[in-house]
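Undergrad: Need a 3D model of the sequence below.
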Amino acid sequence: MRTTLSSRAGSWRRVMAGLAVTAVSVGLVAATGATAEAYAPPGSPLEVFVSTDGNSSLSAAVQNGWWGHEGGSGGTGTGTSYLDLDASDLTALDNLFGLADLGNIRVAFVPSSADGSAEHPTVTVGETIDQAYPYFMDAGFGTAFSGSSAANDSVAVVSTGSEFDAWWAAGQPVQGFDNSLVSHDVTAPGNPVSGAPRGKSILNRWPSGTHLSMVFVQTTGAINAGGKPILKVGSDGHAITSYMKFTTAAKPGDAIRTSAGYVDENFGVQGVATSTTLAASPASPQTAGTPINLTATVSPNTGSATPTGSVEFFDGITSLGNANVDGSGHATLGGQVLATGAHTLKAVFSPTGAFESSTSANVPFQIDSSPATPTTTSVAAVPGADYLAPVALSAAVTPAGAAGTVQFKEGAANLGSPVTVDALGNASLSYTFSAPGPHSVTAVFTPADSALFSGSQATPVPFTLGAGSVSVDQQVITGVVPEGTLTITTPYDAANPLNLGTLALSSDLSHYAASADFEHIHVMDLRSGALPWTATAQAGDLTDGASHYINGQNVGLTNLLAYPTSNPGLGTITTVDNPAALPAVAPGDAGTLGLGNAPHPILSSNHGPSDVEYHGTMTLNAPTTTPAGTYTGTVTFTFA
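TA: Down below sits the predicted model:
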């Protein structure tokens with residue numbers, strides 16, 4: 001039924017100075033003395049060292065001492081030392097850094113790593129030096145440290161990324177150090193202590209005994225917006241580097257320079273090159289849980305001396321442990337239980353004495369899942385007196401403890417549902433067959449975890465069910481359940497509209513409003529099948545017949561209550577409030593507020609049949625711009 005409403009509404013910035021650090025070029029043709037290989041740390045393709053001249057001369061390399069205090073005759077410690085790079089092999093130098101790009105080499109520091117991964121990290125395009133290294137200098141190779149008798153001579157700045165950021169943000173003030181190695185803004189009035197120190201002095205950055213590497217790293221020549229060099233990415237996806245490993249050391253008797261020095265960890269007679277091989281026993285592949293023994297063999301490339309040191313074993317990048325090299329050149333790490341899947345094993349030899357480190361080739365190793373334990377299943381059937389009596393079906397699965405289910409079957413047909421196997425491996429089912437005569441049953445075991453146990457099927461067991469002495473007479477009966485109907489009615493029509501009366505102007509003068517009780521919304525569900533239903537209502541626009549309208553979204557139906565005589569049957573009925581739009585919307589708005597422009601659920605039942613009758617509050621709002629007049633519209637009730 002279509003219900004009519006009627007209503008009436010009335011007329012609504014860097015200058016660098018004071019650091020005692022100068023970038024100088026390396027003398028590429030003045031290399032003299034020992035070969036580069038005499039000092040190069042393992043994995044570093046070109047020699048990096050500290051020297052007493054700026055000519056890349058290994059003969060002037062400083063074995064140990066204190067940066068800025070090695071120079072001068074007789075060990076006076078007042079001369080100059082340099083961060084240097086061997087140029088005796090121009091081809092190697094060109095291949096690594098590119099002779100045209102030597103000015104783009106910068107200096108970084110990193111805690112030493114056994115395999116050179118920290119010194120030669122993976123980098124990405126655009127990555128800055130501080131993102132790949134924890135400490136760096138805004139200076140290149142050939143940096144000079146001019147020694148003197150002053151407590152703060154050769155103060156070179158080593159920065160972290162955050163320190164450099166703060167200094168850059170402060171306007172890159174010119175800074176120097178006092179005799180206590182405190183940073184000052186030297187060009188500022190009063191020489192104040194720096195509010196944003198660019199970093200710490202190389203003389204006091206690290207505690208004595210710290211193992212570090214000084215890294216020469218290639219940059220693109222560009223810097224980012226924060227002033228930091230951008231690294232060049234090598235063809236292997238790593239930074240382009242060469243480095244020297246050293247250990248910090250204190251200058252004896254010097255209270256200020258508590259960690260100003262270094263000991264070159266690779267200086268001295270050229271070590272004997274070694275080769276390392278790795279063997280795994282038993283061989284790949286193996287099943288999960290099998291202990292694997294790893295044996296590394298370290299051999300000298302020249303001579304017959306047995307290398308000394310230790311071997312660290314790796315699975316990918318994960319360390320499995322260390323073992324010392326014995327008198328036969330072997331190091332063994334036993335009993336390794338690896339996870340299921342593919343593995344890449346390697347051994348890294350770290351030498352003691354006059355030997356060089358070496359790394360084995362990768363050894364692939366596969367760990368497969370353990371094979372499933374096989375099972376067996378048997379079945380038994382104990383018939384009753386005749387076919388009308390249930391048959392006791394039972395199955396036994398071995399080994400006991402094989403979790404899963406048993407499905408009893410006759411041919412391809414399932415007999416009942418799967419039965420869970422108990423802790424003893426048993427499953428049972430009482431089943432009544434529909435006909436006498438010969439039958440044959442089997443049982444199919446399905447494991448809960450097929451990686452642990454396999455499935456199995458019992459050998460079929462035949463048996464015969466007797467007809468018995470009971471006479472059976474089957475009778476057929478029929479009955480018709482009517483389809484039934486689903487209706488909704490209300491008492492309002494064009495002749496008897498719901499009159500909301502005269503709309504009243506709201507106290508805030510924002511809209512007109514009126515409401516009235518909308519009675520007797522009657523839903524009668526006489527359908528079979530206990531079906532759900534949802535009743536909806538949709539309001540059309542109201543009009544005064546003179547081309548003036550009130551949008552149907554301004555019509556709302558709320559507070560639905562059932563009359564006492566309503567009978568929802570076995571179902572549960574839910575009411576839905578659809579309040580009128582507020583603020584009231586203008587004519588022509590295409591929204592779906594209130595009951596406007598779409599069917600809106602008002603009542604729903606999850607289960608029929610039912611005979612219910614509801615009443616609720618119907619509200620009409622109107623904009624203050626609505627012309628005066630009597631407005632009539634239609635609300636349509638139906639089922640979704």
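
Undergrad: beta partners of His522?
TA: Beta-bridge partners for His522, by DSSP bridges, are Thr489, Glu613.

Undergrad: Next: Thr308.
TA: For Thr308, the beta-bridge partners are Thr352 (DSSP bridges).

Undergrad: That one - how many residues pack around it?
TA: Thr308 has 16 neighbouring residues, counting by other CB atoms under 10 Å. Yep, even glycine has a C-beta here, placed from its N, CA and C like the rest.

Undergrad: pLDDT value on it, please?
TA: For Thr308, the model assigns a pLDDT of 90.

Undergrad: Could you do Ile105 as well?
TA: As predicted, Ile105 sits at a pLDDT of 93.

Undergrad: Then the one 4 residues further on?
TA: Reported pLDDT at Phe109 in the predicted model: 93.

Undergrad: and if you look at the one 10 residues further on?
TA: Glu119 is assigned a pLDDT of 90 by the prediction.

Undergrad: now swap in Gly77 and tell me
TA: 59.

Undergrad: Would you mind listing where the stretch 101-250 of the chain has pLDDT under the threshold?
TA: Where the stretch 101-250 of the chain drops to pLDDT under 70, the residues are 147-155, 250.

Undergrad: repeat that with 80
TA: 114-115, 142, 144-156, 179-181, 202-204, 206-209, 247-250 (pLDDT under 80).

Undergrad: Which parts of the stretch 101-250 of the chain are strands?
TA: Here the stretch 101-250 of the chain has its strands, by DSSP state E, counting those that start in this stretch, at 105-111, 135-137, 143-146, 157-158, 175-177, 183-185, 200-201, 211-223, 229-231, 241-249.

Undergrad: The fifth one pairs with which strands, parallel or anti?
TA: Read it as strand 175-177. For strand 175-177, pairing defined by DSSP bridges yields strand 183-185 (antiparallel).

Undergrad: Least confident secondary structure element in this protein?
TA: Ranked by mean pLDDT, DSSP states H and E, the weakest helix or strand in the chain is strand 21-23, scoring a mean of 26.

Undergrad: Downstream of that strand, the next helix or strand is which one?
TA: strand 48-51 (DSSP states H and E).

Undergrad: For that next one, C-alpha coordinates in PDB please.
TA: Output of strand 48-51 as PDB, limited to C-alpha atoms (Å, rounded to 0.1, in the frame of the first residue of the first chain):
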ATOM      1  CA  VAL A  48      95.900   1.700   2.400                       C
ATOM      2  CA  PHE A  49      98.500   3.000   5.000                       C
ATOM      3  CA  VAL A  50      99.700   5.900   7.100                       C
ATOM      4  CA  SER A  51     103.100   7.300   5.900                       C
END
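
Undergrad: Could you list every helix and strand that it packs against?
TA: strand 80-85, strand 211-223, strand 241-249, strand 261-264 (3 or more CB pairs under 8 Å, 6 or more residues apart in numbering; DSSP states H and E).

Undergrad: could you dump those to JSON lines with distance to Gly116?
TA: As requested, the helices and strands packed on strand 48-51 are arranged in JSON lines below (distance: least, CB to CB, whole Å):
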{"stretch": "strand 80-85", "distance to Gly116": "17"}
{"stretch": "strand 211-223", "distance to Gly116": "9"}
{"stretch": "strand 241-249", "distance to Gly116": "8"}
{"stretch": "strand 261-264", "distance to Gly116": "17"}
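
Undergrad: Can you tell me which of the ones you listed is most buried?
TA: The highest average neighbour count among those, using mean count of other CB atoms under 10 Å, belongs to strand 80-85 at a mean of 26.

Undergrad: Each with direction, which strands does it pair with?
TA: Looking at strand 80-85 with DSSP bridges, its partner strands are strand 48-51 (antiparallel), strand 143-146 (antiparallel).

Undergrad: Go through the last one and flag the buried ones.
TA: What that stands for is strand 143-146. Neighbour counts using 16 or more other CB atoms under 10 Å place 143-145 of strand 143-146 among the buried residues.

Undergrad: can you give me how far it is from the chain middle?
TA: Centre-to-centre, strand 143-146 and its host chain are 46 Å apart (CA atoms, centre = their mean, to the nearest Å).

Undergrad: I'm done for today, thanks for sticking with me.
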